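J.: quick one: sequence plus predicted model below, questions after.
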Amino acid sequence: MAVTAISIDHIARIEGHGNVRLVIEDGQVLTCQMEVVEPARLFESMVVGRPFEEVPYVASRICGICSSSHVVTDLRAIEAALGVSVTDRTAALRELLVYGSFLQNHATHLFVFSAPDFLGHRSVFPLADENPALFDRALALKALGNELCTAVGGRSVHPITAVTGGFTHELTAAEYRSLADKMDAMADFAVEAVDLFDGFEVPAIETAGDMLAMVAPGRYPVCDSDTARFVRAGYDFDCSQVEAEVEEYPVGRSAAFLARARRTGSPYLTAALARVNASWGALSQRARYAAAKAGLRPPELNPFMNNLAQAVELVDVLDRCAGLCRRLAEPDGFEGSSEPVAFEVRAGEGVGFTEAPRGALFHRLAIDADGRVARANILTPTAQNVANLEADMRLLAEKLVGEGRSEAAIRLEVEKLVRAYDPCLSCSVH
């Protein structure tokens with residue numbers, strides 16, 4: 001009896017800490033486990049009893065990369081609970097803020113965490129020495145994301161200008177035009193990034209589960225729709241029904257709750273790849289062309305292609321943000337002011353829903369008549385992804401074992417798959 005045990009402790013180049021356990025016996029994968037070893041974060045408990053105004057600032061501390069997404073998601077939950085409607089201009093500014101996180105995250109993940117895998121390096125430092133021009137432009141792209149978040153949100157992380165009903169500060173027309181020019185200047189590099197990741201060879205597998213993404217007719221939405229879609233199953237639901245549609249459940253081997261679709265019992269992937277599958281036709285023209293050239297078209301079910309989908313989104317984000325900034329620079333570019341709208345505090349409950357860089361993000365808040373939080377629940381992208389990642393790891397391991405690949409090769413490809421999911425394991429625990 002030939003037994004091989006593969007243990008990967010503290011997987012490198014991801015956010016947070018996690019381990020992989022594989023046991024292979026006589027050519028069969030007996031055990032495949034993704035262990036999240038992060039301690040409980042308790043953010044839902046932290047906000048209970050606090051005034052609703054404080055919640056976005058607390059929730060933004062969940063993640064240093066996705067902090068803008070957590071703020072906007074909380075604001076949408078608060079506004080749903082209080083019956084607040086925002087102007088088109090405020091919605092556009094929130095979109096810019098969320099897209100700043102996309103630039104920050106995707107540039108970091110693709111070039112610092114993922115690219116070394118495919119270029120034969122164990123870290124980004126040899127890549128920086130080998131190709132300093134590529135490395136410098138990647139850092140410049142991330143810096144542009146920082147600049148966008150700072151300009152719109154007041155800080156590169158943990159924004160402070162976005163509040164219930166609007167914003168406390170806005171840029172001048174000249175500042176918007178300057179940002180638009182900077183977006184345009186980075187677009188060619190983003191297209192090159194698509195070509196770069198298209199050139200990397202990956203195993204041919206299809207994800208075991210479904211895909212979940214925000215959808216809206218004719219658009220590529222990230223923070224202004226309430227509709228979520230299970231892409232493979234082909235049905236939509238309103239974000240207010242997320243707990244009725246998504247089941248979280250504990251497993252003894254991991255600190256993270258796992259998730260599955262209640263209707264089908266299927267695990268699922270929520271990430272850039274899910275968004276591209278759901279809304280490919282609404283990508284910017286340049287992003288759609290880059291995706292088509294790379295062969296990334298729906299249905300694309302290989303989870304390794306999430307890297308390529310993120311690169312395509314970089315092109316889309318730069319085009320979209322340049323257009324938003326130029327419209328915001330015009331006096332009549334968007335209807336209404338970004339100043340916070342008037343509202344009355346009341347008891348209520350609401351769900352906020354956005355697309356964070358890593359996938360769908362849901363916040364539920366119940367607010368009492370005094371404006372204090374009575375209950376909170378947060379469902380992050382990685383918390384939703386862990387079960388599907390584990391299932392895909394098993395598929396990958398079975399394929400590699402069947403091909404007679406070495407233990408070292410299996411270990412490397414499994415690590416590549418984990419990084420392709422771009423997990424934030426720190427965010428996956430409650």
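T.: Now that the structure is in, tell me what you want to look at. Residues are numbered from 1 along each chain as shown.

J.: the stretch 201-350 of the chain: helices as residue ranges?
T.: Ranges of helices in the stretch 201-350 of the chain, per DSSP state H, counting those that start in this stretch, are 242-245, 272-279, 285-293, 306-329.

J.: and the ones you listed as CSV, adding mean pLDDT?
T.: Below are the helices of the stretch 201-350 of the chain laid out as CSV (pLDDT from 0 to 100):
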stretch, mean pLDDT
helix 242-245, 98
helix 272-279, 98
helix 285-293, 98
helix 306-329, 98
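
J.: so which of the ones you listed is nearest residue 195?
T.: The closest of the helices of the stretch 201-350 of the chain to residue 195 is helix 285-293. By CB to CB, the value is 7.8 Å. C-beta coordinates here come from the backbone N, C-alpha and C atoms, glycine included.

J.: relative to helix 272-279, how tilted is that closest one?
T.: Put simply, helix 285-293 runs at 100 degrees to helix 272-279, going by axes from the mean of the first three to the mean of the last three CA atoms, to 10 degrees.

J.: give the other helices and strands that helix 285-293 contacts.
T.: Using 3 or more CB pairs under 8 Å, 6 or more residues apart in numbering; DSSP states H and E, the elements in contact with helix 285-293 are helix 173-198, helix 306-329.

J.: with respect to residue 207, which of those helices lies nearest?
T.: For residue 207, the closest of these is helix 306-329, at 9.6 Å, according to CB to CB.

J.: dump that closest one to PDB, restricted to CA.
T.: Output of helix 306-329 as PDB, limited to C-alpha atoms (Å, rounded to 0.1, in the frame of the first residue of the first chain):
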ATOM      1  CA  ASN A 306      -9.500  33.900 -12.300                       C
ATOM      2  CA  ASN A 307      -6.000  35.400 -12.700                       C
ATOM      3  CA  LEU A 308      -6.700  36.200 -16.300                       C
ATOM      4  CA  ALA A 309     -10.200  37.600 -15.400                       C
ATOM      5  CA  GLN A 310      -8.600  39.900 -12.900                       C
ATOM      6  CA  ALA A 311      -6.200  41.200 -15.600                       C
ATOM      7  CA  VAL A 312      -9.100  41.800 -17.900                       C
ATOM      8  CA  GLU A 313     -10.900  43.700 -15.100                       C
ATOM      9  CA  LEU A 314      -7.800  46.000 -14.700                       C
ATOM     10  CA  VAL A 315      -8.400  47.100 -18.300                       C
ATOM     11  CA  ASP A 316     -12.100  47.500 -17.700                       C
ATOM     12  CA  VAL A 317     -11.600  49.400 -14.500                       C
ATOM     13  CA  LEU A 318      -9.100  51.900 -16.000                       C
ATOM     14  CA  ASP A 319     -11.500  52.600 -18.900                       C
ATOM     15  CA  ARG A 320     -14.500  52.900 -16.600                       C
ATOM     16  CA  CYS A 321     -12.800  55.100 -14.000                       C
ATOM     17  CA  ALA A 322     -11.500  57.500 -16.700                       C
ATOM     18  CA  GLY A 323     -15.000  57.900 -18.100                       C
ATOM     19  CA  LEU A 324     -16.500  58.400 -14.600                       C
ATOM     20  CA  CYS A 325     -13.900  61.000 -13.700                       C
ATOM     21  CA  ARG A 326     -14.500  63.000 -16.900                       C
ATOM     22  CA  ARG A 327     -18.200  62.900 -16.400                       C
ATOM     23  CA  LEU A 328     -17.800  64.000 -12.800                       C
ATOM     24  CA  ALA A 329     -15.700  66.900 -14.000                       C
END
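
J.: if you count neighbours, what's buried in the helix or strand hosting residue 396?
T.: According to DSSP states H and E, residue 396 maps onto helix 381-402. Of the residues in helix 381-402, 381-401 count as buried by neighbour count, 16 or more other CB atoms under 10 Å.

J.: show me what contacts the residue nearest the centre of the chain?
T.: Nearest to the mean C-alpha position of the chain, by CA atoms, centre = their mean, lies residue 358 at 1.6 Å. Residue 358 makes contacts with 66, 105, 270, 271, 380, 381, 382, 385, 422, 423, 424, as judged by CB atoms under 8 Å, 6 or more residues apart in numbering.

J.: go on, residue 106?
T.: Applying CB under 8 Å, 6+ apart to residue 106 gives the contacts 272, 310, 311, 313, 314, 317, 357.

J.: from the middle of its chain, how far away would whichever strand or helix holds it be?
T.: Using DSSP H and E, the element containing residue 106 is helix 88-108. Mean C-alpha position of helix 88-108 versus that of the full chain (CA atoms, centre = their mean, to the nearest Å) differs by 12 Å.

J.: and it, average pLDDT?
T.: For helix 88-108, mean pLDDT rounds to 97.

J.: over to residue 233: give its phi and psi.
T.: Main-chain dihedrals, residue 233, degrees, to the nearest 10: phi -70, psi -30.

J.: what is the burial count for it?
T.: By other CB atoms under 10 Å, 15 other residues sit near residue 233.

J.: model confidence score at it, please.
T.: At residue 233, the pLDDT value in this model is 98.

J.: residue 210 versus that one, what's the distance?
T.: Noted for residue 233: a distance of 6 Å to residue 210, by CB to CB, to the nearest Å.

J.: overlap in contacts, these two.
T.: Going by CB under 8 Å, 6+ apart, residues that sit against residue 233 and also against residue 210 are 261, 264, 266.

J.: hmm, who's touching stretch 155-167?
T.: Residues contacting stretch 155-167 (CB under 8 Å, 6+ apart): 52-53, 56-57, 60-61, 64-65, 67-68, 71-72, 75, 78-79, 82, 84, 86-87, 90, 93-94, 97, 104, 146-147, 149-150, 152-154, 168-169, 337-343.

J.: mind redoing it with 6 Å?
T.: Applying CB atoms under 6 Å, 6 or more residues apart in numbering, the contact partners of stretch 155-167 are 60, 64, 67-68, 71, 75, 78, 84, 90, 93, 146, 149-150, 153-154, 168-169, 338-341, 343.
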